[in-house]
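Novice: attaching a predicted model along with its sequence, questions to come.
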Amino acid sequence: MKKALIIGCVLAVSGCASLQRTLNAASRGDTRGVVSGASDLGAEAKRIKAKQDQCAALEKQQATYEEETGIGGAVALNLANRTSGVYIEISPDLATSMPQAGVKPKPGKGPKTDLTAYINRIGKTLASSSSRPGLDWTFVVLDSDTPNAFSAPGGYVFITTGMIAAVDNEAQLAAVLGHEIGHITGRHAMTAYAKTKSTSCSTAMGLGLAANAAKDAVSLAGDFDGLLSAARVDLNKASAELIVKLSDGLADELVSRGNGPEFEHQADAVAYELMVFSGYDPNEFEKLLGKLPDGGFLTPHPANKARIAKLEPLKKDYADWSAGLKAPALDPVAKAVKK
């Protein structure tokens, strides 16, 4: 009897107050107390299970545009904070402007700012030919020698100075940015987000609805309960704790597992097409893949040979289009990063 009750308590992720009362009743030989306690445990387990079933349904729920851009902004900040910082000058009035609500620090002038502007010109040109030109596209250069590029939902694309230094020309730079654009237009990270949201919700409900739950666990469970009861997820009304929970979970997922082979090949195809539509020689994409480490830098990617093989049908489809397309030299501000 005692073993069964302990198992039931663990399955319900309970604070075990009901279990303790039941054990006390059993030690006194109080049969009625044991039955009552077991009933309480069963009711608590059913209540939590019902909410967790609702949480599971979140994985299949299509996120709204507002939710995508909202979580995208949070994840973008999360990912940027994991690096050595944004590569841009800041105007001298930064220290005085930041505390004032509604006043945004202004970028300064110099090579770092010019490089950011250059990357944005290329990125926004590519994005304008994508399937989602209306997103508020933002391209950010990160101060890191590690070659890498990644993206967050809603139009946020990051590229490191190390990756800029690794490319030979502007067409290869366009290939990197186009690949990240492909992840965003395909809403690839939103698949991981839906799973993160569902799992976090289920865990929060298990901890927060149990007897003797900690105050912060109850609060987080209440936040998720609000999401479950609303017609749509409105992150503008979510607590900071909930947004941090979701953005941390998604950022961890993207960094550790990446987007998966299928989505990586899809992003490659988008990059190839955007290069063609924007006037860049798509053959430079294959050249870039040939010089990058197999399987990617930090996040898992398919083998480079497999990625190149997947591009073959596109090379045939766009053979006539590709003739005469260019691979312009890098702007001097990008070349300076290579030194």
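Specialist: Received it, and whenever you're ready, just let me know what you need. Numbers count the residues shown, from 1 in each chain.

Novice: the residue nearest to Pro282 when sequence neighbours are not counted and Asp268, how far apart?
Specialist: Leaving out its chain neighbours, the residue that sits closest to Pro282 by C-beta to C-beta, 6 or more residues apart in numbering is Met275, at 4.5 Å. Using the backbone N, CA and C atoms, a C-beta is placed for each residue, glycine as well. Using C-beta to C-beta, to the nearest Å, Met275 is found at 11 Å from Asp268.

Novice: neighbour count winner among these two?
Specialist: Met275 (27 against 24; other C-beta atoms under 10 Å).

Novice: part of a helix, is the more buried one?
Specialist: Yes. Assessed with DSSP: H, G, I helix; E, B strand; the rest coil, Met275 lies in a helix.

Novice: can I assume it is in contact with Glu170?
Specialist: No. Between Met275 and Glu170 there is no contact under C-beta atoms under 8 Å: 10.3 Å.

Novice: quick check, pLDDT for the residue nearest to Pro282.
Specialist: With respect to pLDDT, Met275 has a value of 97.

Novice: now Ala152
Specialist: 94.

Novice: mean pLDDT per helix and strand in the chain: which one sits at the bottom?
Specialist: The weakest-scoring helix or strand in the chain, judged by mean pLDDT, DSSP states H and E, is helix 2-11 (a mean of 36).

Novice: identify the residues contacting Glu262.
Specialist: Neighbouring residues of Glu262 by C-beta atoms under 8 Å, 6 or more residues apart in numbering: there are none.

Novice: when you give positions from now on, start the count at 5
Specialist: Sounds good: first residue 5 from here, last item Glu266.

Novice: does Asn263 touch His192 like I think?
Specialist: Yes. Taking contacts as C-beta under 8 Å, Asn263 lies within contact range of His192: 4.7 Å.

Novice: can you list residues touching both of those two?
Specialist: With C-beta under 8 Å, 6+ apart as the test, Asn263 and His192 both reach Ala271.

Novice: got a list of what Met194 touches?
Specialist: By C-beta under 8 Å, 6+ apart, the neighbours of Met194 are Ala67, Glu72, Pro157.

Novice: tell me which entries of the residues you listed lie within helices.
Specialist: Glu72 (DSSP state H).

Novice: between the contacts of Met194, which is closest to Gly283?
Specialist: Pro157 (27.7 Å; C-beta to C-beta).

Novice: residue contacts, the closest one?
Specialist: With C-beta under 8 Å, 6+ apart, Pro157 has these contacts: Glu72, Thr73, Ile75, Gly76, Val79, Ile188, Arg191, Ala193, Met194, Tyr197.

Novice: Trp141 too?
Specialist: Residues near Trp141 by C-beta under 8 Å, 6+ apart: Gly127, Lys128, Ala131, Gly159, Val161, Ile185.

Novice: with neighbour count and pLDDT as added columns, please give those residues in TSV.
Specialist: TSV is the format used below for the contacts of Trp141 (neighbours: other C-beta atoms under 10 Å; pLDDT from 0 to 100):
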residue	neighbour count	pLDDT
Gly127	24	98
Lys128	17	97
Ala131	27	98
Gly159	25	96
Val161	27	96
Ile185	29	98
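
Novice: JSON lines for those residues, including secondary structure?
Specialist: Output for the contacts of Trp141, formatted as JSON lines (three-state DSSP):
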{"residue": "Gly127", "secondary structure": "helix"}
{"residue": "Lys128", "secondary structure": "helix"}
{"residue": "Ala131", "secondary structure": "helix"}
{"residue": "Gly159", "secondary structure": "coil"}
{"residue": "Val161", "secondary structure": "strand"}
{"residue": "Ile185", "secondary structure": "helix"}
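
Novice: great, nothing more from me.
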